[in-house]
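Asker: Based on what follows, work out the 3D shape:
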Amino acid sequence: MIFSLPLLFSISAGFLLLLFGIAAATNRNYISKRISSHPAVFIAALGVYASAWTFYGTIGLAQNYGYAYLAAYFGASLTFVLAPVILQPLLRITKSYQLSSVADLFAFRFRSQLAGTLVTILMLLASLPLIATQIEAVTDSIRLLSGEQNTDLIAMAFCATTALFSVLFGTRHPSVRHRTAGLVTAMAAGVVFKLVAMVALGLFAIYGVFGSNAEMEQWLANHAIEATSLYKPVEGDYWRTLLFGFMASAVVAPHMFHLLFTENSDARALNKASWGFPLLLLLLSAAIPPVLWAGLALDIPGRPEYFGLLLGLHTNAPWLTMLTYIGGLAAAAGLIILCTIALAGMVLNHLVLPYVSNHNSEPLYNRLVLNRRLLILQITLLSYLFYLATNGRAELHHMGLIAFIAFMQFLPGLLATLFWPGGNRQGFILGLLLGMGIWLMSMLMPLLPESSRVALELNSGNWHEVATLALAANVIVFLMISSLNKPSQAERLAANSCVLSALHRPQSTRPPLADVPALIQHLSERLGDDVAHREVAEALQQLQLSESETNPQAIEQLQDQLEHNLSALLGPVEAFSVMSLEASDNSGYRRRDIHLLESHLEQSRSRLSGLAAELDELRQLHRTTLQRLPVGVCSLGEAGEILLWNVEMEQFTGVPGSQVIGHRLEILPPPWRELLSQFAEQPSNQLLNQRLTTDNQARFFSLHKASLHEQRLGALPPTQANSLYSNRLHPHAGQVLLLEDQTENQLLADELAHSERLASIGRLAAGVAHEVGNPITGIACLAQNLKYETDQDEINQTGEQILQQTARVDNIIKSLMSFAHTGTQYRPGSQQRLSLHLCVEQAIELVRLDSRRKQLNYLNLCPPQLQLHGDMQRLLQVFINLLNNAADASEDGQSIRIESEQTDDSLLVHIVDQGSGIPKELQSRLFEPFFTTKEPGEGTGLGLALIYNIIEEHYGSIQIESPADVAQNRGTRVTLTLPRAQDLTGSNREND
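Answerer: Here you go, the predicted model:
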């Protein structure tokens, strides 16, 4: 059965147009994002690994090496089973630093443009046989189905179509930060066709050729000689070589790296692929033995690679032939499309852009897209020329082996990236050159015209020895050179960022620019104004920062983010070059990276395990301890910037840590700027009880400090230590400042001193009162005698007045004695019947003796007829204290009212002022001894406590209500409840 060339062309064009339609529909959201971003689509797209070489070539591999063909599936499956230690760390690195290819990864890890350039050239050479294999598989299929012998034009048309697809759907954006969902969905659709074709082939081989599975087993038993090739023992060097080659190709092959890390942004999808992808490969590999046995059973002539394609022809099943052809076409097209897209990005980043000194000559984004499209066309053309040069010089599966062995040479660098920070760029470059040199001379060069060595070397079975020799030479040189040479600081930083369980960290010790406009100006010199503004705006949006940001920590974080974004646009080495600043000494900026490190630690704690997780828990404990210390802690870095600002410092100063971290002390508001800056500069390590006025309140602080340099400098010789200390970038550098609030202790000390002074005055007053009492008694006696010795009314009236005044003086002296003996027990016998109005009036007169109280209006509204029993002096003391408190809270011209009312059992006395009132949170503590709302020295806090005791001695109560005027939220009302005179008298009679 022969298929016409136009029919095959129409089927091919129709299938490729279908892929075009799927990609376009996805990009236009005709296909839901929920579908295109589903992990199943990603897993299906990974089936591109099973290229035309796997679709056709593994049958020939099974014919020659038996079950060793499973290495193509087991090797890739093993890579995905080890996803937590291989793929997941690589995804973290590529996403954190925006790396889009293997060349980007190695250029970043070894901080070497030469490494990136070398890997790009060698990866391009390694991919040429693999791409040529896809072209050969398609052209051979058409030759077998149509009988057309001249297929060069067909190959050219196929290459042009795949190149067009790559240009349209693989270069839509200048940066790899944007996922091309249409491309991935189209690749997944192609893999589904391939899977259906392979499963159909396997089922047809069992049930269409043999009749059933039992009959197939019977044929195997009857044809042991034909079946023995599949039962060759899977041992020897070629098995291990195949396993390593396919393990490496599942990661480092350009198309696989592009799918795994550039087109994938979801770690969960990679987790599902760790079991989904091996399951997909199992389905694909299961059909290989039945197809091989069916071809042998039917005695199909020709190469075993195409048994699947010829099976339909020999059984008169054109539908199966067409399905197999479409499956092979999908396998070949998918690999070529992805491989050319990935290689174009590598060539652009490492062979073109590094040698362009300035990127602002024309619109950068358009130029990047155009260059990538031109490179896709050039790489496709180069692959086509390589196909023409090598067509027919090796079997299909041998061509694929050459590419996979080349990919294996990148495995030492990949493992060193993840597990060996000690590997350096010299060892990597020399080892890779030696290994790839052996591969180039013994495997690739013989494929070229006028060389017949390839048939001898591959078909004789010694290819695995060459592969092992090349890998061994690569590893040995890598280890030796790396052991003899130490990596640079930049390389060491990058290496530590790439190892397993490492976290994203800043890769540059450059000093931050002053602000965002300065950063835009710096970028404009290399990228142009438009690109600089767009990239900075996008980075600001990603970090949620504003253009007015000046925090050094935020600016450095912005520079770090910009470098990562530019890495996706220009490649890691060129991005590093664009972002680099000329700075002769940037040592002072290394410590500030601690902020970025800690922020990434907080975001990445779930990824840490083992010792790294335990160390992070210890770091978190220390950080929490410092944050919750009951004293303020401020740590200063080597450039004088604030590294730590704990919770107590925030409460003391009212300044959040987010506003000061990364800044110097000079940005603090007064008085903290002067206090902390002067203390950091002075030689003394402590400063005690410094008075500060904040929020109109006096506060006292003690300060202590320690130097972070002392331990480090103590281990150095005195001359070197003095030199390092004198060369500090800032006089505040490397210090820890402690701030301790001593306000309560200082106020308590002031109150105790004031109380001691009052106690001394009380003792003095008691002594004076006692001494004054004797002359007053004498004056009273003389006045009494004067009254009896004369009958003149005027003199008698004068004597009576002298007696009244001496009695008043005597009462005052007794009051002073009462103040001096506040602990004296109440004596009920001292009570007398008295007028409330007169008692209040006398208290007002005494209060008015103070010149400060004369400007207030005292209103005694108590009716004269209200009587009560009590100790006149002690009640007078109550009213004097309450009136003084009211006067202290009032302003000049305001009124203080003393009102009263009576009930059946009690008298209610209200003292109401129009002052500022008492806060509600303080009202519950007003009667506590030594509690006062006044400034130190203006009150003892004993007045209300004394009043409370006196009222209780009179069987009364006291209540305070504030504000008295709720509408105006001011004033205080003090209400005294005292028993009425008749009730108290009746009570006394009953007691008698």
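Asker: Please count neighbours and contacts with C-alpha atoms only from this point.
Answerer: Will do.
Asker: which residues touch the nearest residue to residue 339 once chain neighbours are set aside?
Answerer: Nearest residue to residue 339, sequence neighbours excluded (Cα to Cα, 6 or more residues apart in numbering): residue 255, at 4.5 Å. Shown in contact with residue 255 (Cα atoms under 8 Å, 6 or more residues apart in numbering): 49, 335, 338-339, 342.
Asker: Secondary structure element holding residue 255?
Answerer: Secondary structure assignment for residue 255, by DSSP states H and E: helix 254-257.
Asker: Past that helix, which element shows up next along the chain?
Answerer: Trace forward from helix 254-257 with DSSP H and E and the next one is helix 267-286.
Asker: can I get the CA coordinates of that next one in CSV?
Answerer: In CSV, the C-alpha atoms belonging to helix 267-286 read as follows (Å, rounded to 0.1, in the frame of the first residue of the first chain):
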residue,chain,number,x,y,z
ALA,A,267,6.1,23.5,42.4
ARG,A,268,2.9,21.4,42.9
ALA,A,269,2.8,20.6,39.2
LEU,A,270,6.4,19.3,39.5
ASN,A,271,5.3,17.2,42.5
LYS,A,272,2.6,15.6,40.5
ALA,A,273,4.9,15.1,37.6
SER,A,274,7.2,13.0,39.8
TRP,A,275,4.7,10.2,39.5
GLY,A,276,2.7,11.2,36.5
PHE,A,277,5.6,11.4,34.1
PRO,A,278,7.0,7.9,34.9
LEU,A,279,3.4,6.6,34.5
LEU,A,280,3.3,8.2,31.0
LEU,A,281,6.6,6.7,30.1
LEU,A,282,5.4,3.3,31.3
LEU,A,283,2.5,3.4,28.9
LEU,A,284,4.7,4.4,26.1
SER,A,285,7.4,1.8,26.8
ALA,A,286,4.9,-1.1,27.3
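Asker: For that helix, buried residues please.
Answerer: 269-271, 273-274, 276-278, 280-281, 283-285 (16 or more other Cα atoms under 10 Å).
Asker: just checking, what packs against the helix or strand following that helix?
Answerer: For helix 267-286, the following helix or strand on the C-terminal side (DSSP H and E) is helix 288-297. Helices and strands touching helix 288-297, by 3 or more Cα pairs under 8 Å, 6 or more residues apart in numbering; DSSP states H and E, are helix 58-65, helix 181-203, helix 307-314.
Asker: Could you check the angle helix 288-297 makes with helix 58-65?
Answerer: With axes from the mean of the first three to the mean of the last three Cα atoms, to 10 degrees applied, the angle from helix 288-297 to helix 58-65 works out at 80 degrees.
Asker: tell me how far helix 288-297 is from the chain's mean position?
Answerer: Here the centre of helix 288-297 is set off from its chain's centre by 56 Å, with Cα atoms, centre = their mean, to the nearest Å.
Asker: ok, and what's touching that helix?
Answerer: Counting by Cα under 8 Å, 6+ apart, 58-59, 62-63, 201-202, 205-206, 209-210, 226-227, 230, 304, 307-308, 311 sit against helix 288-297.
Asker: are any of the residues you listed buried, and which?
Answerer: Counted by 16+ other Cα under 10 Å, those give 58-59, 62-63, 201-202, 205-206, 209-210, 227, 230, 304, 307-308, 311 as buried.
Asker: Pick out the most distant pair among these.
Answerer: The largest separation in those, counting by Cα to Cα, is between 58 and 210 at 21.4 Å.
Asker: What residues sit buried inside the top strand by length along the chain?
Answerer: Scanning the chain for the strand with the most residues, using DSSP state E, yields strand 697-707. Neighbour-count burial for strand 697-707, counted by 16+ other Cα under 10 Å, picks out 699-705, 707.
Asker: Adjacent strands (with direction) for it?
Answerer: strand 686-694 (antiparallel), strand 735-741 (antiparallel) (DSSP bridges).
Asker: Go through the buried ones among the contacts of helix 288-297 and say which is closest to residue 367.
Answerer: residue 58 (41.5 Å).
Asker: Next one: the closest one from residue 327, what distance?
Answerer: Residue 58 sits 15 Å away from residue 327 when distances are taken as Cα to Cα, to the nearest Å.
Asker: So for residue 529, which of the strands paired with strand 697-707 sits nearest?
Answerer: strand 735-741 (41.5 Å).
Asker: hmm, who's touching that closest one?
Answerer: Applying Cα under 8 Å, 6+ apart, the contact partners of strand 735-741 are 631-637, 649, 680, 699-709.
Asker: Could you do stretch 834-853 as well?
Answerer: Residues contacting stretch 834-853 (Cα under 8 Å, 6+ apart): 854, 858, 860-870, 872, 875-877, 879-880, 883-884, 887, 898.
Asker: run the last query once more with 7 Å
Answerer: Stretch 834-853 has contacts (Cα atoms under 7 Å, 6 or more residues apart in numbering) with 854, 860, 862-864, 866-869, 876, 879-880, 884, 887.
Asker: quick one: it to chain centroid distance?
Answerer: With Cα atoms, centre = their mean, you get 70 Å for stretch 834-853.
Asker: Give the buried residues for it.
Answerer: Using 16+ other Cα under 10 Å as the test for burial, stretch 834-853 gives 834-841, 843-844, 847-848, 853.
Asker: Filter the residues you listed down to just the ones in strands.
Answerer: 834-835.
Asker: In terms of model confidence, name the weakest of the buried residues of stretch 834-853.
Answerer: Least confident by pLDDT among these: that is residue 853, with 64.
Asker: What average pLDDT does stretch 141-156 get?
Answerer: 84.
Asker: again with stretch 757-768
Answerer: In this model, stretch 757-768 has a mean pLDDT of 69.
Asker: can you list the domains in this structure?
Answerer: 5-393, 506-590, 628-741, 753-821, 829-992 (automatic domain parsing).
Asker: which one is residue 276 nearest to, not counting chain neighbours?
Answerer: Using Cα to Cα, 6+ apart, the nearest residue to residue 276 is residue 43, at 6.4 Å.
Asker: pretty sure the one you found contacts residue 279?
Answerer: No - Residue 43 is beyond contact range of residue 279, at 9.9 Å (criterion: Cα atoms under 7 Å).
Asker: now the strands for the protein?
Answerer: 632-636, 642-645, 686-694, 697-707, 735-741, 832-835, 857-860, 867-870, 895-902, 906-913, 957-961, 972-979.
Asker: would you turn those strands into CSV with distance to residue 126?
Answerer: Shown next, in CSV, are those (distance: least, Cα to Cα, whole Å):
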stretch, distance to residue 126
strand 632-636, 53
strand 642-645, 50
strand 686-694, 69
strand 697-707, 57
strand 735-741, 56
strand 832-835, 116
strand 857-860, 104
strand 867-870, 113
strand 895-902, 101
strand 906-913, 96
strand 957-961, 91
strand 972-979, 92
